[in-house]
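# Mind folding the following:
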Amino acid sequence: MEMTLIFIGNIFSPEVLVVLFAILLLFGGKKIPELMRGLGRGIREFNTARNTLESELKEGMRENEAAAKKTRRE
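Coordinates of the predicted model:
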C-alpha cells in the first residue's frame, strides 16, 4: 500500500516526463493514438477473458454445490 502511494505521489516527476518525451520522439504524434487504441483493445480483451473465466468458475461451483446437496439427500 505504501509503495503504491509513493508511486502515485511521484507520477509527474522529471523522469516520467523525460520518458514520455522520448516516446513522443520515437513514435511521433501520429502513431501514439494508434498505440493507445491497441493498448485499449488488449486491456478490453483481457477483461473479457477474465470475466468469462470468473463466470465459468462460479457456474462450476454452483453445479458442484447442487450435486453435493443432491447426494446428501439420497
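# From the contact counts, what lies against the helix or strand hosting Gly42?
Using DSSP states H and E, Gly42 falls within helix 14-73. Packing partners of helix 14-73 (3 or more C-beta pairs under 8 Å, 6 or more residues apart in numbering; DSSP states H and E): none among the helices and strands. Using the backbone N, CA and C atoms, a C-beta is placed for each residue, glycine as well.
# any idea how far that helix is from the chain center?
Here helix 14-73 is found 4 Å from its chain centre; the criterion is C-alpha atoms, centre = their mean, to the nearest Å.
# same question for that helix, mean pLDDT?
Average pLDDT, helix 14-73: 89.
# Excluding covalently adjacent residues, which one is nearest to Ile32?
Of all residues not flanking Ile32 in the chain, Leu24 sits nearest, at 6.9 Å (C-beta to C-beta, 6 or more residues apart in numbering).
# does the one you found really touch Lys30, like I thought?
No: using C-beta atoms under 8 Å as the test, Leu24 is too far from Lys30 to be in contact (10.9 Å).
# And these two? Which one has more around it.
More neighbours surround Leu24 than the other of Leu24 and Lys30, with 12 against 7 (other C-beta atoms under 10 Å).
# ok, so what distance separates the residue nearest the centre of the chain from Gly60?
Against the mean C-alpha coordinate of the chain, by C-alpha atoms, centre = their mean, the closest residue is Ile43 at 5.6 Å. Separation of Ile43 from Gly60 (C-beta to C-beta, to the nearest Å) stands at 26 Å.
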